[in-house]
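1. mind folding the following:
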Amino acid sequence: MNTSVNPTSLSIRDSISDAAIQSGNPYAMAIGAATKVLDAIGDATGFHLDDIDKTAGNRAGVNGGAMFLNNAMNALPGMSITMATFGSGKTGEAIDLNDAGSSVAAAYSGSQNDINASQKLAGKRTLFGIGTGKMNDFIQNANSQVSIINEIGRTNALAKKSDYGTNLAQQNLNRYAGTNYQTYAIGKNGMKIMSRKELQDILATRKLQKGGIIGTDTSILPEGALHARLNHLQDTNPDLEDTTRKGIPVLDAKGNQVAEVEKEELVLRLEITKKLEELMKDGSEDAMIEAGKILTYELIKNTQDNTGQITEEV
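-> The predicted structure is shown next:
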C-alpha cells in the first residue's frame with residue numbers, strides 16, 4: 001500500500017468502494033469494482049495524488065483550504081489517479097543531513113524543523129499543482145541550510161579528530177597569547193575570518209568597481225575581477241587611473257587605495273568579526289558551535305551576495 005496517502009483517506013476510499021460493490025445494485029457494483037481497480041493501479045505504480053502534511057504545509061505557507069481539497073481527493077474512489085492524470089504538479093527532491101551535519105544539527109533547531117518539513121513535502125504530486133511553487137521554494141531554502149550545516153559538521157568533525165595534545169596546546173595558546181584562527185580555511189570556497197585591521201581597511205571603502213559602496217550593515221561577497229585579471233576600471237572611470245589594474249581596489253573617502261579584495265572573497269562586517277574573535281579566543285567546543293551559528297545566520301540572512309554563490313551553490 002502506498003504510504004504517501006493518509007491511512008484515513010485510504011480507509012474511507014476503500015469503504016466507499018466496498019459499500020458500492022456489496023450494494024446489490026448492478027450499476028453501483030460496476031462503479032465500485034472499476035474504482036477499486038483504478039485505485040489498485042495507482043497504489044501499485046505510485047501514480048496518484050499525494051497527501052500534503054498539514055504541519056509541513058503550513059510551515060511552507062501553503063493555503064489550508066487548498067491542502068484540504070487536495071487531500072480530500074484521495075478519499076474518493078478512483079479520483080486520486082484520475083486527477084493525477086488530467087492535472088497535477090510535483091514538488092522537487094529534498095536533500096538530508098549527512099552524519100557530520102546530524103551531529104551538530106541540534107544547535108540549529110529552527111533550520112532542523114525546516115529540513116524535516118521539507119522531507120515531508122518533497123516528491124509530492126498535488127491536484128492542479130496546488131501549493132507546488134511555495135513548497136518548492138521552501139524545499140530549495142531547506143536544501144541550502146542542509147549544505148551549510150553539513151559543512152559545519154564536517155569542519156567540527158575534523159577538529160575533533162585532530163591530535164588531542166596539540167589541540168590542548170593550541171587552546172592554551174589561544175587563551176593566553178591571543179592567537180586567532182585566521183589561518184584556518186572555512187567554507188566551501190576557502191573563506192577565512194580576517195583580522196580587525198584588514199576588515200577596518202575594507203570597511204573604510206567608499207568606491208568599488210564603478211563607485212559602489214560596501215554597506216557596513218551587511219557582510220558581502222563582491223563581484224569583479226580576479227587578482228590575475230585586468231579590471232579595466234580606468235576605462236570606465238578615469239579617476240581610478242592610480243589604482244591597481246588587477247582585482248578589486250578598495251579606496252578610502254579621499255580616493256586613495258588602502259587595500260585590494262578578491263572576487264568572491266567573503267567580507268564580514270566588523271560586529272560579526274569581533275564576536276567571532278571573542279569565541280576563537282575562548283577555544284572551547286561550545287564556542288566553536290556558537291561561532292558556527294553566528295556564521296550560518298550571517299551567510300543566510302545578512303550577506304549581500306553579488307556572485308550567486310550562496311543561492312546557487314551553497
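
2. same for whichever strand or helix holds N156, what does it pack against?
-> N156 belongs to helix 132-161 when assigned by DSSP states H and E. Judged by 3 or more Cβ pairs under 8 Å, 6 or more residues apart in numbering; DSSP states H and E, the packing partners of helix 132-161 are helix 54-60, helix 99-104, helix 109-121, helix 285-301. Using the backbone N, CA and C atoms, a C-beta is placed for each residue, glycine as well.

3. any idea of the mean pLDDT in the shortest one?
-> Pointing back at helix 99-104 there. Regarding helix 99-104, the rounded mean pLDDT is 88.

4. elements contacting it?
-> Helix 99-104 sits against helix 132-161, with contacts defined as 3+ Cβ pairs under 8 Å, 6+ apart.

5. and the helix it packs on, which residues are buried?
-> 132, 134-136, 138-139, 141-156 (16 or more other Cβ atoms under 10 Å).

6. with stretch 30-49 instead?
-> 31-32, 35-36, 38-39, 42-43, 48-49.

7. picking that back up, got the helices and strands packed on helix 132-161 as CSV, with mean neighbour count columns?
-> Formatted as CSV, the helices and strands packed on helix 132-161 follow (neighbours: other Cβ atoms under 10 Å):
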stretch, mean neighbour count
helix 54-60, 19
helix 99-104, 17
helix 109-121, 19
helix 285-301, 17
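
8. just checking, K263 touches T307?
-> Yes: taking contacts as Cβ atoms under 8 Å, K263 lies within contact range of T307: 7.3 Å.

9. before we move on, back to that, out of the helices and strands packed on helix 132-161, the one nearest T91 is which?
-> Closest to T91 of the helices and strands packed on helix 132-161, according to Cβ to Cβ: helix 109-121, at 5.8 Å.

10. from the contact counts, what lies against that closest one?
-> Helix 109-121 packs on helix 54-60, helix 132-161, going by 3+ Cβ pairs under 8 Å, 6+ apart.

11. by mean pLDDT, show me the worst of these.
-> helix 132-161 (a mean of 88).

12. and that one, how far out from the chain middle?
-> Centroid displacement of helix 132-161 relative to its chain, using Cα atoms, centre = their mean, to the nearest Å, is 6 Å.

13. related to what we said a few turns ago, I'd like the helices and strands packed on helix 109-121 as TSV, with distance to I248 appended.
-> Below are the helices and strands packed on helix 109-121 laid out as TSV (distance: least, Cβ to Cβ, whole Å):
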stretch	distance to I248
helix 54-60	38
helix 132-161	25
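
14. and of the ones you listed, who's closest to I21?
-> helix 54-60 (31.4 Å).

15. so who does Y297 touch?
-> With Cβ atoms under 8 Å, 6 or more residues apart in numbering as the criterion, no residue contacts Y297.

16. and the pLDDT at Q170?
-> pLDDT at Q170 comes out at 68.

17. cool, and L230?
-> 67.

18. just want the phi and psi numbers for T126.
-> Note on T126: backbone dihedrals following degrees, to the nearest 10 are phi -120, psi 160.

19. in the protein, which spans are helices?
-> 7-21, 26-45, 54-60, 64-73, 79-86, 99-104, 109-121, 132-161, 164-177, 196-203, 233-236, 270-282, 285-301 (DSSP state H).

20. can you flag the weakest of those by average pLDDT?
-> Among the helices of the chain, helix 196-203 scores lowest, at a mean of 56.

21. now do S284 against Q171, distance only.
-> 8 Å (Cβ to Cβ, to the nearest Å).

22. wait, which of the helices and strands packed on helix 109-121 is closest to F86?
-> F86 lies closest to helix 132-161 among those, at 15.9 Å (Cβ to Cβ).

23. what angle do the closest one and helix 109-121 make?
-> For helix 132-161 against helix 109-121, the angle by axes from the mean of the first three to the mean of the last three Cα atoms, to 10 degrees is 130 degrees.

24. circling back: so what sits against both of K263 and T307?
-> In contact with both K263 and T307: 222-223, using Cβ under 8 Å, 6+ apart.

25. of all the helices of the chain, which one is nearest T244?
-> Shortest separation from T244 across the helices of the chain is recorded for helix 233-236, at 8.7 Å, computed as Cβ to Cβ.

26. and E260, what are its bridge partners?
-> According to DSSP bridges, the partner residues bridging E260 are P249.

27. what's the neighbour count on it?
-> 16 (other Cβ atoms under 10 Å).

28. likewise for I248?
-> Counted with other Cβ under 10 Å, the neighbours of I248 add up to 23.

29. that one contacts A259, doesn't it?
-> No: if you go by Cβ under 8 Å, I248 and A259 don't touch, sitting 9.4 Å apart.

30. find residues that contact each of the two.
-> Residues touching both I248 and A259 (Cβ under 8 Å, 6+ apart): none.

31. and S80, how close does it get to T55?
-> 22 Å.

32. for M83, same thing?
-> Counting by Cβ to Cβ - M83 and T55 are separated by 24 Å.
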